[in-house]
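Student: Next come a sequence and a model predicted from it.
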Amino acid sequence: MNKNHRVPSSRTLSAVEVKSKFGAEFRRFSLDRSKPGRFDEFYGLLQHVHRIPNVDLLVGYADIHGDLLPINNDDNYHKAISTAAPLLRLFLQRKEEAEYSAFGTNSLTRKKTPAALAAVLLRPDANRKKPPVIISLPKDFRPVSSIIDVDILPETHRRVRLYKHGQEKPLGFYIRDGSSVRVTPQGLEKVPGIFISRLVPGGLAESTGLLAVNDEVLEVNGIEVAGKSLDQVTDMMIANSHNLIITVKPANQRNNVVRNSNSGGGAASGSSGRSSDSGASYYSYSAPGAVAMTPSHIIQNFRPEEVESDDDEEEDLVIETGGDMRLAPLSAAGATASYSMPSLPRYEPHLNLRHSNGAMATSSSVGSLSTNERGLERRNLEEDGTVITL
Amino acid sequence: MMKFRFRRQGNDPQREKIKQDLFAFNKTVEHGFPNQPSALAYDPKLQLMAIGTKSGAIKVYGSPGVEFTGLHKDTATVTQMHFLHGQGRILSLLDDNTLHLWEIGQREQCSSLEEVCSFTIPCRTVIESTSATRVTVLLPKLNCDLLAVGTEGGGVHFLELPSLTLLDKSLFQDEIMQSVPDEYKCGKSLGPVESLQEHPQHPDKILIGYSRGLVVLWDLQTRHVDNLFLGKQQLESLVWERSGNSFVSSHSDGGYMVWSVSSSTPCTNEPVSSTITYGPFPCKAVNKILWRTAESGSPLVLFSGGMPRASYGDRHCLTILQDSQHVTLDFTSRVIDFFTVHCTDAHKFDDPSALVVLLEEELVVIDLQTAGWPTIPAPYLAPLHSSAITCSYHISNVPTKLWERVVSAGQQQGSLQTHTNWPICGGKNLAPDPKQQELMLTGHEDGTVRFWDASGVSLRPLYKLSTANIFQTDCDHNDSLTQAGEEEWPPFRKVGCFDPYSDDPRLGIQKICLCKYSGKLVVAGTAGQVIVLYLSDEKSDHMIDVATVDLLQDREGFTWKGHDRLPPKSGSVVFAPGFQPVVLVQCMPPAAVTAVTLHAEWNLIAFGTSHGFGLFDYHRRSPVLARCTLHPNDSLAMEGPLSRVKSLKKSLRQSFRRIRKSRVSGKKRVSSTLCEANAHLAEQDAEVTPVQRRIEPRSADDSLSGVVRCLCFADTFLRDGTHHGPTMWAGTNSGSVYAYALDVPSQEKFSEQSVEALLGKEIQLMHRAPVVSIAVLDGRGNPLPEPYEVSRDLAKAPDMQGSHSVLIASEEQFKVFMLPKVSAKTKFKLTAHEGCRVRKVALVNFSSVASEDYSENGLVCLTNLGDIHVFSIPALRPQVRYDCIRKEDISGIASCVFTKTGQGFYLISPSEYERFSLSARVITEPLCQVEFDRPHDSSETR
């Protein structure tokens, strides 16, 4: 895999800053972006800089979307180097006590902060008693937008979950007012409806291929849109944009899933059959199979609380100024970055740790930024923030 | 799952009962001046006045506190109104040519206004066009049994009262024409009936005036023309002299004529006198004239219009003439109608005591008994919009001390006078005295802040504060202009306070905050000015300290292209007793202030604009903190409102789209049945381009993301769970919340030690919706008391043992975070579930009707759809929901303010507040009674 399919802009330096964490210790070094070398050389380098020559390691990195992904071969190593911007964060674990479930999409989003992540990584068995379920490694997948709930919906309808985060692409569609024909006891009636009017080229909605122009929108995250105005539906979609699940009646009914066929009536049913699990697979990290198996999951109507449970990932970012709160008289108080996710119970023990070791690391990371230019600083903080939170 | 069940807790009957005792929605009273008045009527027997509007509303006013409102089923302009004197009945004529009869009914000892019946004049023949039956004038006979109706076609119809049945004795022009001499006829019709007047002495005789100028005295009994007056000028109005020996006609050439009536000469060719007051150059028509005899001497002539066309044709004037006295009242808006309050009983003279003039924008009352004819301030119908309202602020439970000081400051200003000589005093106000004093503060475009007594049904002006005099503006020389007008003829006199022209839009008031215990006031305006004022009982002459706070913090790459800051006056300025400015803080760049708050106990003010926020110690006159909230990509905020940026265009386009849409849907409510929906759809299908909406999540670099939306001070736990202290919170348009721990020195050390601010927490809401409000709740989940309330033993101390929490309301959701950790505790996602956005929120204490001491705190929220939701705090469970404002009424939604006890106000027009109540207990509504004797009652209402 030649890494230069993504041409680095003239500004990006050829050196990649690497921050590697093993246990409570940090190491910083840099690699040449154009000549990253092979994975085993890199592995050796890590063992060397951490001075753990004989320890079997599981190497993970935080990608730009905040997902913790493994590095275990040349391909994903090169990928990690080529996408690191500006900093490549590595998390090393002993193989024997590794927490496999930490990998994957949402791993960092859910835990939010490196603090929390580190808590998972550093104290694998302190809080978790669950045996790790290793299905396969690497789990270099992340859920993509998919058709869900095929088993409970009428065949004429389609429920689509749009995975927004982790992609640069905008959601990219427009909706409009319109009228649709419903069959009622009184006969056919024309009722107002909401339709997809346009897909932005290159946008998420278009690239998934799951939504099309003139599809009628029936529900947004489990709430029926009947009786709601276009503006209301717009606001609902935007408010749910982190995890948008829309139920549509496709304008083109020929690609519908034929539910009864076992081995699939064509490629469409096969893929959607699989992806119908992906909604549940989300839960399976913490409680494998439990959610998917319980009958409560198979409900006729998609309930709001499912959305509720999802938006724990939507925790707000709380930036605290550290113990050494800087005075801010008439100067832009530098948000000294010590990110934490206080809602997690592991916060406390970790905080201690951070005071001893982490303070140096964080302050240096902020220190490397231009401090005078507020805009830049904030910008970078935000970028920092995304690395940490998403 | 559990969460879901809790949300649907509506089945608990006990809770439902409590909710019924706490919440009830009522629109109680309209404050201010009716929008677009179109008709006026007065009943001298009951002393009631009625005003009709273009939207079909009828408002009846008597003595202060006596108010009734009625609304016609159709939204049509009320063109005329007449009281059936002494009967508590009102006749109204709409511009759809329907007549309506209203009655003041008695319900549970309180009076209210109800429509009883309506009537349309039928066409006489097929040939006659519908415009011929268009009603031009109405005349209810004084004994209230007959109504004469004049029409466009020149016919006069008679209806029986109060049943509104057409009597078969209509009078048509052909009948009149028989007695008109041929040389006057000229083969032309007489034109529409312009005026009908009952003979003051003989109830059977009526004076009929036709547009062409012919006036006829008609005997109803004998159906015979008594007298003919062959006027040659186009007629505008007629009025009898009290004796019935003469009458006065006014004409379209700006003149009026006096005609004498005698039985000896059945046909009069020439008037006794003819005057064109403002001649000899062409004048505009005299629309209405009144002729009132006075015991003191010559009669009073009052007429509207008649101004010289070329020089003063654009003025709205009313002339009062008596002997050599001549005053031309010069109003700022159109004269709708006027009447005099005078003796109607068996007295020899009219002796008018007052002149009441209804203008398009205000009501002016002139005392005709006092020399110089001064104006009498009205106890109601306050012209709220004398300068456009830019913000409103409500203070509940005002301490008596502050109240008295504000009232006395107002009295010295002359804006508050006693209403003892108020001429319209019918009815009895039964409403109990308000339990507490409430102040309403309105900020205006011209830089004034007006203080209103909002305790009762009528909004009374108390005090007016002007902030314009501390700035150098272009308009300081207008005093000299009025001086020059002294020698002028006609003798103009400026009357009324409606002045829609702002001297400088930068003076406009954006935000107000008042500490009711210390009498400190913060007023913030459009050009980034933040003024701190103290209430002082003495006159003062002092310099104002000026401080400038740079909210950009040397951020480079941006230039402000908006307006300049307002230059403050140099040197000392004289201030009358009242609120006197002490410190002026000017934000740089001078963008409009978007949020302001005050903590008088800590001597701190906080203010925010679209660029950032600042904290200022007004005791030491020193800035404490300034913080820029701008996002680097945000060019719109930087360049100011005048810059032409894409997103501005976009927002303009959107607002036009909204306007168009609201025009289409109009007043129609959301149709419930399918048929209506289908009809609606058919309409929509006709539209060529359907309305589209883009679905994109909010991004950080959206324009105006740096706008500071709310600020709050709280004594709470920010740093750790054991030490509480002063904190300041700020929320922005992009969902950022900044929390500062403040180091405020104790009272004694205030002068030596400076206040310090340390950034404690920064919260970024992931959904990035604008933060509408921030409030800190104590350990029991109650809102923190206001400054001084605890130290002066006025409120229960907050629970400092339990852990505090902060309630952050964004446009999309409410969230309660525990302090000091800022961990999310409860939340409610309003937009995600309902599709509506939060516009206004307030923490309100609801007390129960069932028991004195039971009360609950609730979060009240007004959404962009105009409905109001109430949530419990801190659990954030939905309690009730009411439809309040039409969703198209954007200015109504934007102007809404809530009181601390569950009432609220919003503007239903530029000049009127609708007052509503969410509480079942705290309701301010008119309770009044009018006593009258109604001889033949129509049976329906009883």
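Tutor: Great, that's in hand. For clarity, every value in this text was computed on a predicted model and none was experimentally measured.

Student: For the rest of this, base every contact and every neighbour count on C-alpha atoms.
Tutor: OK.

Student: just checking, what packs against the one helix or strand B:F68 maps to?
Tutor: Using DSSP states H and E, B:F68 maps to strand B:67-71. Helices and strands touching strand B:67-71, by 3 or more CA pairs under 8 Å, 6 or more residues apart in numbering or on different chains; DSSP states H and E, are strand B:57-61, strand B:110-120.

Student: Parallel or antiparallel, list what pairs with that strand.
Tutor: strand B:57-61 (antiparallel) (DSSP bridges).

Student: Please write out the alpha-carbon positions of the strand it pairs with in PDB.
Tutor: The C-alpha trace of strand B:57-61 is given here as PDB (Å, rounded to 0.1, in the frame of the first residue of the first chain):
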ATOM      1  CA  ALA B  57     -61.400  43.500  17.900                       C
ATOM      2  CA  ILE B  58     -63.600  45.700  20.200                       C
ATOM      3  CA  LYS B  59     -62.100  47.000  23.400                       C
ATOM      4  CA  VAL B  60     -64.200  48.700  25.900                       C
ATOM      5  CA  TYR B  61     -62.700  50.900  28.600                       C
END
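
Student: Need the contact partners of that strand.
Tutor: B:48-52, B:67-72, B:78, B:424 (CA atoms under 8 Å, 6 or more residues apart in numbering or on different chains).

Student: Could you rerun that using 6 Å?
Tutor: B:48-52, B:67-71 (CA atoms under 6 Å, 6 or more residues apart in numbering or on different chains).

Student: tell me the angle of it relative to strand B:110-120?
Tutor: If you take axes from the mean of the first three to the mean of the last three CA atoms, to 10 degrees, strand B:57-61 sits at 140 degrees to strand B:110-120.

Student: I'd like to know the average pLDDT value across strand B:57-61.
Tutor: Averaging pLDDT along strand B:57-61 gives 93.

Student: Then stretch B:692-708?
Tutor: Averaging pLDDT along stretch B:692-708 yields 79.

Student: how about that stretch, does it reach chain A?
Tutor: Yes - applying CA under 6 Å from any CA of the partner chain, one finds stretch B:692-708 touching chain A at B:692-697.

Student: list the buried ones in that stretch?
Tutor: B:692-698, B:700, B:702-708 (16 or more other CA atoms under 10 Å in any protein chain shown).

Student: Also stretch B:537-549?
Tutor: Buried, per 16+ other CA under 10 Å, within stretch B:537-549: B:543-544, B:547-549.

Student: same question, stretch B:342-350
Tutor: For stretch B:342-350, the buried set under the neighbour-count rule, 16+ other CA under 10 Å, comprises B:342, B:349-350.

Student: and that stretch, how far from the chain's centre?
Tutor: 36 Å (CA atoms, centre = their mean, to the nearest Å).

Student: Show me what that stretch is in contact with.
Tutor: By CA under 6 Å, 6+ apart, stretch B:342-350 touches B:292-295, B:351-353.

Student: other SSEs contacting the helix or strand harbouring B:Q586?
Tutor: Counting by DSSP H and E, the element that carries B:Q586 is strand B:578-588. Strand B:578-588 sits against strand B:529-536, strand B:545-550, with contacts defined as 3 or more CA pairs under 6 Å, 6 or more residues apart in numbering or on different chains; DSSP states H and E.

Student: Put together TSV for the ones you listed, with distance to chain A and mean pLDDT on each row.
Tutor: What follows is the helices and strands packed on strand B:578-588, written out as TSV (distance: least, CA to the nearest CA, whole Å; pLDDT from 0 to 100):
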stretch	distance to chain A	mean pLDDT
strand B:529-536	18	95
strand B:545-550	9	94
